[in-house]
Structures are given as C-alpha cells and as structure tokens.
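1. take this sequence and fold it.
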Amino acid sequence: MEIVEIKKSDVLNAHRSTDSNGKKLLENLVPKLFGDITERIGSFEDICSEAGKDPAKYHVTDDMDDEERAAIYFKKWRLIAKVLNQGKELDLHDDSTKKWTPVLRYTKTGFGFADSGYGFSGTDAGVAVRFASEKLSDFAGKTFTQECNDYYNSK
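-> Numbering: from 1, shown residues only. Sure, this is the predicted structure:
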C-alpha cells in the first residue's frame, strides 16, 4: 500500500472550503483532525494553525500604542472563540440559545478563570466573546489565562 502525505493546514483549509459531503469525506479520512476540538488545542499557536492564520500577526510589540495592543488582544480572543466554536455563528439577539462566556476573577496575580456563565456576571469580568457551550467556555478560560490577562491589563 502506498502512503500519501498531506499537510494538516491543507486538510483544514479544504474542510473549511468544501460542502457537507466533502467535509464528511475528510472527517472519515482523517478522523483525528476532526474530533473534540479541545483535544487538539493547547495554545494560541494551535488556534492559529487550526484557523490557517499566522501567529505573528497577533504579536504585540513595545512600539505599539495602547489602542493597537488592545485591538490585537481582542482579535486574539475573537479568533479563539471562532476556532473553538468551529465556525458556528452565535446570534447574540437569539434569547432561545445560551451563549457562554468565561467569567474571570481578579486576584493579586492577575485575572484567572473563575467560572462560565450565560447570564449577567455581576462584579466579575467576562471576556467579550461567547462560546457555544459551557465546556468550550471553561476550556477557553482555563487554557488562555495569559490572553485574558493581556486583554484586561491593556490600557
């Protein structure tokens, strides 16, 4: 039997751009790439790889002003949510479905994940992105703690 090699990014790009039949074919050919998203992601670089994005575009430098930094941190969170939601668009105006957000609590060492919520969060802080499930929200809050702190500590 002959083995065919293909780049992960090429498979993911094909999956993003094909119809439902093509998606099913790719998912059957390479099931490890299309299982539980939380098992494939462990870093922001993994998020970028999954989305076909260059992580360098999300790098903050010392010469950037506060607005540029805040914008990049927010873009990072938007990308994290988009990848973990696997492209599912959440309608914020649809009250019939829950949209989860990581709820953070500030301590002496910075913001840390406290819980996930789909209602109002009182005096705690929530990241301005939403996830399709509590599991994804918990995962994002726990996995991307540094991104939380970057976002909330930007001026």
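2. drop to CA atoms for contacts and neighbour counts, all remaining ones
-> Noted.
3. with adjacent residues omitted, what lies nearest to N13?
-> Leaving aside its sequence neighbours, N13 sits nearest to G52 (CA to CA, 6 or more residues apart in numbering; 7.0 Å).
4. from R78, how far off is that neighbour?
-> 14 Å (CA to CA, to the nearest Å).
5. same question for N21.
-> Separation of N21 from R78 (CA to CA): 28 Å.
6. who's more crowded, the two?
-> Neighbour comparison, N21 and R78: the larger count goes to R78, with 15 against 9 (by other CA atoms under 10 Å).
7. so which residues make contact with whichever strand or helix holds R16?
-> R16 belongs to helix 8-17 when elements are defined using DSSP states H and E. For helix 8-17, the external contacting residues (CA atoms under 8 Å, 6 or more residues apart in numbering) are 22-23, 26, 49-52.
8. let me know the next secondary structure element after it.
-> Next element after helix 8-17 (DSSP H and E): helix 20-29.
9. so where is the chain shaky, pLDDT-wise?
-> 117-128, 153-155 (pLDDT under 70).
10. and it, what are its domains?
-> 1-35, 44-153 (automatic domain parsing).
11. pick the most deeply packed of those.
-> Comparing those by mean neighbour count (mean count of other CA atoms under 10 Å), domain 44-153 comes out on top with a mean of 17.
12. nothing else from me, thank you.
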